[in-house]
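# coords below, sequence missing:
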């Protein structure tokens, strides 16, 4: 009987410690409200970055999503985002070809946007101008141009 009691006590102690050790990083939800679309054609292609590395391209995005444009607006939601610093880049893939179309000089032919509605006079917006912090559920607004 004493052995059963000791085993039960050990199991209770182990269970009491488990939640502390088993806790995952605190997470939040990021909701992105996108406005400024000229039409409802195609999709909004959204990329979420958790570092400056690869901010210019989707291939290094922390998460990405493809959302339908409706009534010249779109909403994208990323769930279970760990606390931290992030930035968003997106574009309106009007012809649904999966890429940001550019003119012969290399300027975008399709509308695009960046978190904080960051702009840059020469070249694409910089991560430092677009970054924001997630500490709890967050809603941001981005207007495409």
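Thanks, I have the structure now. These numbers were taken from a predicted model, which means no experiment stands behind them.
# what residue lies at the spatial centre of the chain?
Residue closest to the mean C-alpha point of the chain, counted by CA atoms, centre = their mean, is residue 48 at 3.3 Å.
# For that residue, which residues count as its bridge partners?
Under DSSP bridges, the beta-bridge partners of residue 48 are residue 63, residue 88.
# Contacts only, for it.
30, 61-64, 78, 81, 86-88 (CB atoms under 8 Å, 6 or more residues apart in numbering). C-beta here means a position set from N, CA and C on the backbone, and glycine is covered the same way.
# right, and out of those, which lies closest to residue 130?
residue 87 (3.9 Å; CB to CB).
# What separation is there between that closest one and residue 63?
12 Å (CB to CB, to the nearest Å).
# Compare neighbour counts for these two and give me the winner.
residue 87 (24 against 17; other CB atoms under 10 Å).
# can you tell me how far the residue lying closest to that one once chain neighbours are set aside sits from residue 91?
In this structure, residue 87 finds its nearest non-sequential neighbour in residue 130, 3.9 Å apart by CB to CB, 6 or more residues apart in numbering. Going from residue 130 to residue 91 by CB to CB gives 14 Å.
# Now do the shared contacts for these two.
With CB under 8 Å, 6+ apart as the test, residue 130 and residue 91 reach no residue in common.
# hey, where'd the helices end up in the protein?
2-22, 127-130 (DSSP state H).
# Quickly, which of these bottoms out on average pLDDT?
Within these, confidence is poorest for helix 2-22, with a mean of 47 (mean pLDDT).
# Just among the contacts of residue 48, which is most surrounded?
Counting neighbours by other CB under 10 Å, residue 88 leads the contacts of residue 48 with 26 neighbours.
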